[in-house]
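> Fold the stuff below for me.
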Amino acid sequence: MFAGKPRIGPIWIAWGGESENLAAARQRLAIVLPACFVMILLLLLSAMGSARDALLVFSVCIPFATLRTR
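Residues are numbered from 1 along each chain as shown. A predicted model of the protein is given here:
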């Protein structure tokens, strides 16, 4: 097994796998997920016209929507 990135002539070998994919996905989700929640809240605010009602719907419905059912 190689440790790090071994160099063989002008060719570089990089070992990648699930851990690199997971790290990249976490970085993307750290930006996308809060942005989606903000957009949902803004849509609720514009549809209902009341911050109280929009926050009530957001705080009750969003957690239940994230639960998986079979």
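> before we move on, what SS does Arg68 have?
Recorded secondary structure, Arg68: coil (DSSP: H, G, I helix; E, B strand; the rest coil).
> what about it, neighbour count?
One way to gauge burial is a neighbour count; for Arg68, by other CB atoms under 10 Å, it gives 4. For glycine as for every other residue, the C-beta is placed from the backbone atoms N, C-alpha and C.
> max-length helix in the chain?
Counting residues, the longest helix in the chain under DSSP state H turns out to be helix 18-48.
> by contact count, what packs against that one?
helix 51-65 (3 or more CB pairs under 8 Å, 6 or more residues apart in numbering; DSSP states H and E).
> Low-confidence ranges, the protein, go.
Across the chain, residues meeting the criterion (pLDDT under 70) sit at 1-9, 11-16, 69-70.
> how does it look with 50?
Low-confidence segments of the chain, defined by pLDDT under 50: none present.
> center of it, which residue is that?
By CA atoms, centre = their mean, the chain has its centre lying nearest to Leu29, at 2.0 Å.
> Can you tell me how far that one is from Leu56?
Using CB to CB, to the nearest Å, Leu29 is found at 26 Å from Leu56.
> Then Pro10?
As for Pro10, its distance to Leu56 is 62 Å (criterion: CB to CB).
> more neighbours, those two?
Neighbour count, other CB under 10 Å: between Pro10 and Leu56, Leu56 has more, with 13 against 5.
> ok, now which ones touch the more buried one?
Leu56 makes contact with no residue under the criterion CB atoms under 8 Å, 6 or more residues apart in numbering.
> how near is it to Ile62?
When CB to CB is applied, the distance between Leu56 and Ile62 equals 11 Å.
> again, but for Gln27
Gln27 sits 23 Å away from Ile62, taking CB to CB as the criterion.
> Cool, thanks, signing off.
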